[in-house]
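*Asks:* Mind folding the following:
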Amino acid sequence: MKGLKTLKIHEGALPVLEHLVIQPSPQMEVPSGITLLKTLTRIDFFGMPREYACSVRPQDGQNYHIVEHVPNIFFHESLAYGQTTLSLR
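*Replies:* Reported below is the predicted structural model:
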């Protein structure tokens, strides 16, 4: 869904979700509703812009508060010679 800009997650939605995968949606903002997903143990972001990853960094990310309760956060990026994965923890 490359044109996806917003993902809304409402209170009580997905009460047992443990693993969230977000695929390339370069225009999407970090979904603030992730804070409501208390059972999440992992988020994988694929093909998102570097600015997106920077916005959820523990050190200085403006959106870190949205994902701080998730113990495992990974960004996957495809490169000309393969794929790289960045762990935020």
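*Asks:* C-alpha only now, for contacts and for neighbours.
*Replies:* Will do.
*Asks:* quick one, helices of the protein?
*Replies:* Taking DSSP state H as the criterion, the chain contains helices spanning 50-55, 64-67.
*Asks:* most packed of the ones you listed?
*Replies:* Of the helices of the chain, the one with the most neighbours on average (mean count of other Cα atoms under 10 Å) is helix 64-67, at a mean of 18.
*Asks:* Return the distance of that one from the chain's centre.
*Replies:* Between the mean C-alpha location of helix 64-67 and the chain-wide mean there is a distance of 9 Å, by Cα atoms, centre = their mean, to the nearest Å.
*Asks:* For residue 84, which of the helices of the chain is the nearest?
*Replies:* Ranking the helices of the chain by proximity to residue 84 (Cα to Cα) places helix 50-55 first, at 12.5 Å.
*Asks:* got the CA positions of stretch 42-57 in PDB?
*Replies:* What follows is stretch 42-57 as a C-alpha-only set of coordinates in PDB (Å, rounded to 0.1, in the frame of the first residue of the first chain):
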ATOM      1  CA  ARG A  42       7.800  -7.000  17.900                       C
ATOM      2  CA  ILE A  43       7.400  -4.500  15.000                       C
ATOM      3  CA  ASP A  44       9.000  -4.900  11.600                       C
ATOM      4  CA  PHE A  45       9.100  -2.000   9.200                       C
ATOM      5  CA  PHE A  46      10.000  -2.800   5.600                       C
ATOM      6  CA  GLY A  47      11.100  -0.300   3.000                       C
ATOM      7  CA  MET A  48      10.400   2.800   5.000                       C
ATOM      8  CA  PRO A  49      12.400   6.000   4.600                       C
ATOM      9  CA  ARG A  50      15.400   6.600   7.000                       C
ATOM     10  CA  GLU A  51      13.600   9.600   8.500                       C
ATOM     11  CA  TYR A  52      10.900   7.200   9.600                       C
ATOM     12  CA  ALA A  53      13.400   5.100  11.500                       C
ATOM     13  CA  CYS A  54      15.000   8.200  13.000                       C
ATOM     14  CA  SER A  55      11.600   9.400  14.300                       C
ATOM     15  CA  VAL A  56      11.300   6.300  16.600                       C
ATOM     16  CA  ARG A  57      14.900   6.100  17.900                       C
END
